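Participant: just coords:
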């Protein structure tokens, strides 16, 4: 039929005006009178697609194509219906047929990019968007999606440059600036991202999405008060902004306010029970509260909503690890990495889980993904070293905290055994101590110029670089002698305070609310009660105790306590003290490593989940032979560990 049938123009006008129910009645009346009118079936199919009826749309547009085979517009809209049903493969084939029939069909090419992107073919998707933008320079969605596909294909710098060029060419379309800020944040250029968010918010101060996004960037650099301000501002504008509620929960969780974080996530779910991110984060906080069964249920709900979401599989692994199911955790991390091979957090989490089980070869390989070297990795050699390093100058550089540094220094002598001349770059506080230890040829401050060298290594990479395997026991701790004069002075202080044996105590380590490191704390009252079973003279060596905390501890243990907490500011004094005291009860901290460097053992209260050096289970770790381990329960309880400590102290006293 060449001319539209009567009533068609009126139905189209109703459709264009958004009066969809009236338009649908009009189309159906026309088709009842003209059952072979292809465009009627097509437009009714488009309307069905607009009203979230993709199956009906496919039937209707399919009928239009039977009547007019190969029509490019019909093919394109049928492809879009398939895309709505997450059938990207069929959609891609249909868009390609539409373009074969009409190469200048820019809408089909743009939507082909959408289908390719949904299928995970970011390179071809970027090419489709680029072609549209080349023909239509003002097509800002195509220019934006081109950049986003570059980023998803791992070409982050090109993506950022593309969006910067789009902004420079104008106009200042809000999604362009927002996407630029997001990619800058993804690239670790947080301050640059904040500048872009600031400008976006200056132009649109009532945009809750931009406020929420800036809050995430501020949170990433520790500006928590400002981040909370932005999350709350976003919620004031849009109380149903799910992401802002979830991010407020993340902030609370980072501060250690777990009950408040749980409440924030539950508020988000009350608004949208299908928020996968709220389920995922609620699972994380429930696990931190020791409620691992509830946590797994929430994570599994997130995965039911997003089965191929790598972050959710990563979080499932973390929950399983927290619940003591380390083998199952590794399987979850494997799933995350199968979906996102560059998921560094999942790779590092798998490293820790493997090391906890003594699977050292696999663990050290994945340990290269640790956060400490992500921005500096390019300057280090990261391939397995040859067996013969004769005549080569190897520079080894610290890359983590003092405790980890002292752990990994155990592997440094192996470089000299292979013939290398080793220069070690370290924290200024360790230079003199490691020079006395004599484990490498030269020790310098980290900022010093080591001169010409053949290889530069990160100390945390040494086990992998040296090919340490699953059957290899960890080498012993580096032996570090104390300064004799300091040791003598401290021996006098101990003797003046009270007779031996002397027992040192640390009950807390790490920084509360720092999500990048372990925060470890044993209940002080319960610890004091256990220590009453010892007849030793007690010495407090807690770093940065809270005001009145040592005095409160002394009252709880019901005896005087020598306060040597200021010695934490001088590693030389602490090294000397750790060799002098007869026993040390503590959570894991730098002093444990200093005590091991003096050849002494400790009694370590290990929080759940444990750091890798304390292994997944057992009362002793191969990293610290002879040191007794007392483990917090997977439910968060300390009583069993403190009871075991009390029994051991009582037995030692009686023996």
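Facilitator: Yep, it's here. Quick caveat, the model's predicted, so the values are computed rather than measured. Numbering: from 1, shown residues only.
Participant: going forward, measure contacts between C-alpha atoms and count neighbours the same way
Facilitator: OK.
Participant: Contacts for stretch 218-225, please.
Facilitator: Residues outside stretch 218-225 that contact it (Cα atoms under 8 Å, 6 or more residues apart in numbering) are 190, 194, 226, 227, 251.
Participant: could you redo the last one with a cut-off of 10 Å?
Facilitator: 185, 188, 190-191, 193-194, 212-217, 226-228, 230, 247-248, 250-252, 254-255, 514 (Cα atoms under 10 Å, 6 or more residues apart in numbering).
Participant: Flag every buried residue along it.
Facilitator: Burial within stretch 218-225, assessed by neighbour count using 16 or more other Cα atoms under 10 Å, is assigned to 218, 219, 220, 224.
Participant: what's the closest of those residues to residue 575?
Facilitator: Residue 575 has its nearest neighbour among these in residue 220, at 35.1 Å by Cα to Cα.
Participant: Quick check: phi and psi on residue 420?
Facilitator: phi -80, psi 150 (degrees, to the nearest 10).
Participant: Identify each buried residue in the helix or strand containing residue 25, please.
Facilitator: Using DSSP states H and E, residue 25 maps to helix 20-33. For helix 20-33, burial by neighbour count (16+ other Cα under 10 Å) applies to 20, 23, 24, 26, 27, 28, 29, 30, 31.
Participant: ok so, going back, take the buried residues of stretch 218-225 and write them to JSON lines, including secondary structure, pLDDT and distance to residue 325.
Facilitator: Rendered in JSON lines, the data for the buried residues of stretch 218-225 read as follows (DSSP: H, G, I helix; E, B strand; the rest coil; pLDDT from 0 to 100; distance: Cα to Cα, whole Å):
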{"residue": "218", "secondary structure": "helix", "pLDDT": "95", "distance to residue 325": "35"}
{"residue": "219", "secondary structure": "helix", "pLDDT": "93", "distance to residue 325": "31"}
{"residue": "220", "secondary structure": "helix", "pLDDT": "89", "distance to residue 325": "30"}
{"residue": "224", "secondary structure": "helix", "pLDDT": "93", "distance to residue 325": "33"}
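Participant: how about stretch 169-178: buried residues?
Facilitator: By neighbour count on 16+ other Cα under 10 Å, the buried set for stretch 169-178 is 174, 176, 177, 178.
Participant: what's it in contact with?
Facilitator: 137-138, 140-141, 143-145, 147, 163-164, 166-167, 180-184, 193, 196-197, 199-201, 203-204, 207, 209-210, 213-214.
Participant: Swap in 7 Å and give it another go.
Facilitator: 144, 163, 167, 196, 197, 200, 210 (Cα atoms under 7 Å, 6 or more residues apart in numbering).
Participant: Pull out the buried members of those residues.
Facilitator: Of the contacts of stretch 169-178, these count as buried by 16+ other Cα under 10 Å: 144, 163, 167, 196, 197, 200, 210.
Participant: Packing partners of whichever strand or helix holds the first one?
Facilitator: Using DSSP H and E, residue 144 sits within helix 140-152. In terms of contact count using 3 or more Cα pairs under 7 Å, 6 or more residues apart in numbering; DSSP states H and E, helix 140-152 is assigned the packing partners helix 122-135, helix 156-169.
Participant: Give me the mean pLDDT for the first one.
Facilitator: Same thing as helix 122-135. Average pLDDT, helix 122-135: 94.
Participant: Going by neighbour count, list what's buried in that helix.
Facilitator: 122, 123, 124, 125, 126, 127, 128, 129, 130, 131, 132, 133.
Participant: any idea of the angle it forms with helix 140-152?
Facilitator: Computed with axes from the mean of the first three to the mean of the last three Cα atoms, to 10 degrees, the direction of helix 122-135 lies at 150 degrees from that of helix 140-152.
Participant: centre of the chain versus stretch 278-289, how much separation?
Facilitator: Offset of stretch 278-289 from its chain centre (Cα atoms, centre = their mean, to the nearest Å): 14 Å.
Participant: make that stretch 393-402, sorry
Facilitator: Using Cα atoms, centre = their mean, the offset of stretch 393-402 from its chain centre is 24 Å.
Participant: same check, this time on stretch 344-359
Facilitator: 13 Å.
Participant: Find the centremost residue of this structure, please.
Facilitator: Geometric centre of the chain, nearest residue: residue 345, 4.7 Å, by Cα atoms, centre = their mean.
Participant: State whether it is indeed within a helix.
Facilitator: Yes: assigned with DSSP: H, G, I helix; E, B strand; the rest coil, residue 345 falls within a helix.
Participant: gap between it and residue 278?
Facilitator: Residue 345 sits 19 Å away from residue 278, going by Cα to Cα, to the nearest Å.
Participant: Equivalent analysis for residue 628, please.
Facilitator: 40 Å.
Participant: Those two: who's more crowded?
Facilitator: Set side by side, residue 628 and residue 278 show more neighbours around residue 278, with 29 against 19, by other Cα atoms under 10 Å.
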